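Chemist: Could you work out the structure for the sequence below:
(chains A and B, ligands or ions: 1)
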Amino acid sequence: MTNMVKLSALSRRKFLAGGAAALATATGLTSISARAAESAPRIVIVGGGAAGISIANRLSRALKNADITVIERKETHYYWPGLTLVATGAWPKSKVLDHNRSFMPSRVNWVKEMAREIDPDAKRVTTDAGRKVDYDYLVVANGVEYHYGAIEGMDINAIGQNGLASVYQSPDAAAKSWDVIKTFSQQGGEGIFTLPSTPIRCAGAPLKMALLTLDRMRQNGGFDKSNMHFHSGTNGLFGIPFHNQFLLDEFANNNTQVNLRSELIAVDVAARQATFRQAEGDTRTQTYDLLHVVPPMRAPEVVRNSNLAWTEGNMAAGGWLAVDKDTLQHMTYPEVFGCGDVNGTPRGKTAATVKMSVPIVVENLLAVIDGRDPSATFDGYTSCPLLTRFGAAMLIEFDYNGNLTPTFPMIDPKKESWMAWIMKDQMLKPAYQQMLRGRV
Amino acid sequence: MEQLGLMFYMLLGYAQINWIVVTVFFVGALVLNLLALSKAGGFFNKAAFKMAAIGYFIMLGLLFVSLPGLTGSSFAYMGYWLDWVLLVMMSAGYAAASILWIYPVVKLYQTTSEQRV
Ligand SMILES: Cc1cc2nc3c(=O)[nH]c(=O)nc-3n(C[C@H](O)[C@H](O)[C@H](O)COP(=O)(O)OP(=O)(O)OC[C@H]3O[C@@H](n4cnc5c(N)ncnc54)[C@H](O)[C@@H]3O)c2cc1C
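Modeler: Residues are numbered from 1 along each chain as shown, chains lettered A, B, ... in the order given. Reported below is the predicted structural model:
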């Protein structure tokens, strides 16, 4: 056999095996031995958001005898990706609220408390009510912590007053943010949008907020009466060079001054003043009529303070979960997996990442239960429907390396389209809910 | 394959989220068709078919011009061939669904007019 033929035979085998694996993953059917399928491991899932509920559904289908516990106090489910539309007046708040019980599988033990301590050596989670839950396997899926406290003078209760907006905090805060954005879009003035230097969930959301606000200003008459500023704590606006340039051009064309390496460090809510630390280390204070704050983010305290967090590297400062970026298995504790925003992996803090990584986590966890090594690998899939204005968007999908990876190859991620808008406005929430049910 | 699965579940989820509208639509269609069947007799009616076909094209045209606006967008943002394909498909699909209402209504209208004459 020539090398070429050998190679193509190998590729064909790989392709077929890959296809079968993809099919199994897509349909939620992961092959495990009968022994593993019949086993009754104790599995604890910390966090019942997008990742936690989705994993609970898949695991409860795959392991009929498993004792699965979800630790999550919140009974209301937030559809976070809809918050940008609430904060810009396109959706009512009710559209992003649901009941966790509608998605939680009936067979799991739902402990309506918060995890206060994780001891991976003792394989035990302790809740804030003092309950101790022992596990054989643990999935950490408790999202992020908004660190508004890192901004001196910032008061989340003041969102919606005195020109202060912040879409991230909660659906309530998003609705209140719309009140101030609406007034600003009519009256105009000094408008400031921020982006912190920490990893954040949905890195496109701060940009969507700015672009949609500009559109509202054009609709409501405030555009010509305003000076707009975008302060980014990083070297750019977006991690993909093409889209970074697109955004710089878009802001330049819309009278918005972009300040790079300029991080919001203090707010005087009453005086409407925001202070930024600049690249050179000096500070600059600006008055505003609208300030949209994006908080720095870090892993929730229970992870930060445990042995599960990174202790070195660029993820250590935020205390992010130390998982292998390919298998999503913990670096030191093989019975621990991470899923969703809490993971200390490059890029990828989106619901779309959750959608693609849940089947990987489940497959690898089942492999470990089965006594095998985890073999499914995650490519870091991240997606951001970048809303460029009301009615148009770019559907940007990419992997760990920043390669564009469109799900539907005919959708050009570099073009604004009505189709991408329809996806975001109408189709992504249904897809998200199917993901929660463990189907997509 | 994966894309087809995703599309299927997206549409299923869309129908689930809008279950009230979907239910009202199908119950309405069922009632109208049963009524037309009992009052107008028989399912096939050439004249009604013709009228319904005209109704289909009127509906398709109306949807084509109004869907971008109804979805919070505008023709100005449809700069991409895929947008036009989607617009044609959506207009054709919704217009086809509307036939489930238009056809029995036309039949009932014809029957009442014939009875009056
Ligand atoms: C404004 C905004 C816009 C976004 N837009 C998009 C978008 O367009 N597209 C997209 O794909 N993604 C978007 N996202 C990101 C997406 O919502 C998140 O990536 C996704 O929700 C992550 O899922 P998760 O399960 O990791 O976290 P979550 O869904 O937040 O779930 C974490 C859960 O853990 C619980 N928890 C926290 N601490 C504990 C504890 N100690 N014990 C027990 N439970 C705990 C929380 O109560 C929460 O319910 C957006 C997010 C925001 C905020």
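Chemist: count of neighbours near residue 96?
Modeler: Picking chain A for this. Residue A:96: 22 surrounding residues under other Cβ atoms under 10 Å in any protein chain shown. Glycine gets a C-beta too; all of them are placed from N, C-alpha and C.
Chemist: looking at chain B here, not the other one
Modeler: Neighbour number of residue B:96 under other Cβ under 10 Å is 12.
Chemist: domain ranges for chain A?
Modeler: Using automatic domain parsing, the domains assigned to chain A come out as A:9-73+A:112-144+A:299-379+A:429-436, A:148-296.
Chemist: Go through those and find the least confident stretch.
Modeler: Note on these: lowest mean pLDDT is at domain A:9-73+A:112-144+A:299-379+A:429-436, with a mean of 89.
Chemist: With distance to chain B and mean neighbour count as added columns, please give the domains of chain A in CSV.
Modeler: Formatted as CSV, those follow (distance: least, Cβ to the nearest Cβ, whole Å; neighbours: other Cβ atoms under 10 Å in any protein chain shown):
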stretch, distance to chain B, mean neighbour count
domain A:9-73+A:112-144+A:299-379+A:429-436, 3, 20
domain A:148-296, 11, 19
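Chemist: Which of those domains sits closest to residue A:396?
Modeler: domain A:148-296 (6.0 Å; Cβ to Cβ).
Chemist: re earlier: reformat the domains of chain A as TSV; add distance to the ligand.
Modeler: Shown next, in TSV, are the domains of chain A (distance: least, Cβ to the nearest ligand atom, whole Å):
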stretch	distance to the ligand
domain A:9-73+A:112-144+A:299-379+A:429-436	2
domain A:148-296	3
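Chemist: Show me what the longest helix seen in chain B is packed against.
Modeler: When chain B is parsed with DSSP state H, its longest helix is helix B:81-116. Applying 3 or more Cβ pairs under 8 Å, 6 or more residues apart in numbering or on different chains; DSSP states H and E, one finds that helix B:81-116 contacts helix A:418-422, helix B:19-40, helix B:46-70.
Chemist: residue ranges for the helices of chain A, please.
Modeler: Assigned by DSSP H, the helices in chain A fall at A:3-27, A:34-38, A:50-62, A:83-86, A:171-187, A:205-220, A:241-253, A:301-304, A:351-369, A:418-422, A:428-436.
Chemist: Among those helices, which comes closest to residue A:233?
Modeler: helix A:205-220 (10.5 Å).
Chemist: helices and strands around that closest one, which ones?
Modeler: So helix A:205-220, by 3+ Cβ pairs under 8 Å, 6+ apart, packs with helix A:83-86, helix A:171-187, strand A:189-195, strand A:226-232, helix A:241-253, strand A:290-292, strand A:382-389.
Chemist: So for residue 100, what's the nearest residue that isn't a sequence neighbour?
Modeler: Defaulting to chain A. Residue nearest to residue A:100 in three dimensions, not counting chain neighbours: residue A:77, with 4.8 Å by Cβ to Cβ, 6 or more residues apart in numbering or on different chains.
Chemist: was after chain B, sorry
Modeler: residue B:29 is the one closest to residue B:100 (Cβ to Cβ, 6+ apart), at 3.9 Å.
Chemist: burial count for the nearest residue to residue A:427 once chain neighbours are set aside?
Modeler: Nearest non-adjacent residue to residue A:427, counting by Cβ to Cβ, 6+ apart: residue B:10, 4.9 Å away. Other residues lying near residue B:10 total 21 when counted by other Cβ under 10 Å.
Chemist: Outside of the host helix or strand of residue B:10 itself, list whatever touches it.
Modeler: Secondary-structure assignment from DSSP states H and E places residue B:10 in helix B:2-17. Residues from elsewhere that reach helix B:2-17 (Cβ atoms under 8 Å, 6 or more residues apart in numbering or on different chains): A:22, A:26-27, A:407-408, A:426-427, A:429-434, A:439-440, B:22.
Chemist: Let me see the contact set for residue 45.
Modeler: As the question left the chain open, I've gone with chain A. A:52, A:55-56, A:59, A:68-71, A:108, A:138-139, A:141.
Chemist: was after chain B, sorry
Modeler: B:107, B:110.
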